[in-house]
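Peer 1: generate a structure from the sequence data that follows.
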Amino acid sequence: MSNSKLTRILFVCLGNICRSPAAHGVMEDVVAAHGMGDRVEIDSAGTYGGHAGDLPDPRMRTAASRRGYNLTHRARKFREEDFLQFDKIIVMDDMNYENVTRLAPERAYLSKVYRFVEFCRHHPEWSYVPDPYYEGREGFELVLDLLEDGCEGLMEEIKKESV
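Peer 2: Numbers count the residues shown, from 1 in each chain. Have a look, this model is predicted:
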């Protein structure tokens, strides 16, 4: 690929301690596996700021670690300026979508907001990425299955856009 356009991606969930930092970690590995580390920048945030500065939930870190992902992102709150800094703002569910779009500085920025499941290729039964916070181990595993699927789909999209 001759084009070296940088694509900036922000994953967003509620507290930035389960789904979005896991998407962040999975996507970093996908980007590296595709040799696109110099063309894709990744971050994550939450619509709720109560966990700011925290590492991801220990249960998510454990589940991710079993699959080879090291989640080290520190939680932060989504802010209006993120619309200016990122090309794609990818939310995990409808509540995140509503909370994020309310902060858009103007309507034109809404075209940057996507639902994560739009990139999933193998899980058409899911219309959102469920919050595993109140679930057992299976909830975290399901989220990682969805994230792995969607991050590969997102990578395909980025590669198409950069040709």
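Peer 1: quick one: the strands in this protein?
Peer 2: Secondary structure of the chain (DSSP state E): strands at 7-13, 40-46, 88-91, 113-115.
Peer 1: give the buried residues for the longest helix seen in the chain.
Peer 2: When the chain is parsed with DSSP state H, its longest helix is helix 137-161. Along helix 137-161, these residues count as buried under the neighbour rule (16 or more other C-beta atoms under 10 Å): 139-140, 142-144, 146-155, 158. (Glycine included, C-beta is placed from N, CA and C.)
Peer 1: nearest to Asn70, of these?
Peer 2: For the buried residues of helix 137-161, the residue nearest Asn70 by C-beta to C-beta is Leu144; the value is 13.5 Å.
Peer 1: right, and the closest one touches Ala63 too?
Peer 2: Yes: with contacts counted by C-beta atoms under 8 Å, Leu144 reaches Ala63, the gap being 5.9 Å.
Peer 1: hmm, Arg76 is touching Ala52, no?
Peer 2: Yes: contact status for Arg76 versus Ala52: in contact at 5.6 Å, counting by C-beta under 8 Å.
Peer 1: and the strands of the chain as TSV, adding mean pLDDT, distance to Leu71 and mean neighbour count?
Peer 2: Conversion of these to TSV gives the following (pLDDT from 0 to 100; distance: least, C-beta to C-beta, whole Å; neighbours: other C-beta atoms under 10 Å):
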stretch	mean pLDDT	distance to Leu71	mean neighbour count
strand 7-13	98	12	24
strand 40-46	98	10	23
strand 88-91	98	17	26
strand 113-115	98	22	18
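Peer 1: make JSON lines out of these and add distance to Gly25.
Peer 2: Compiled in JSON lines, those are given as follows (distance: least, C-beta to C-beta, whole Å):
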{"stretch": "strand 7-13", "distance to Gly25": "10"}
{"stretch": "strand 40-46", "distance to Gly25": "9"}
{"stretch": "strand 88-91", "distance to Gly25": "14"}
{"stretch": "strand 113-115", "distance to Gly25": "19"}
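Peer 1: which of these sits closest to Tyr134?
Peer 2: Using C-beta to C-beta, those put strand 7-13 closest to Tyr134, at 13.7 Å.
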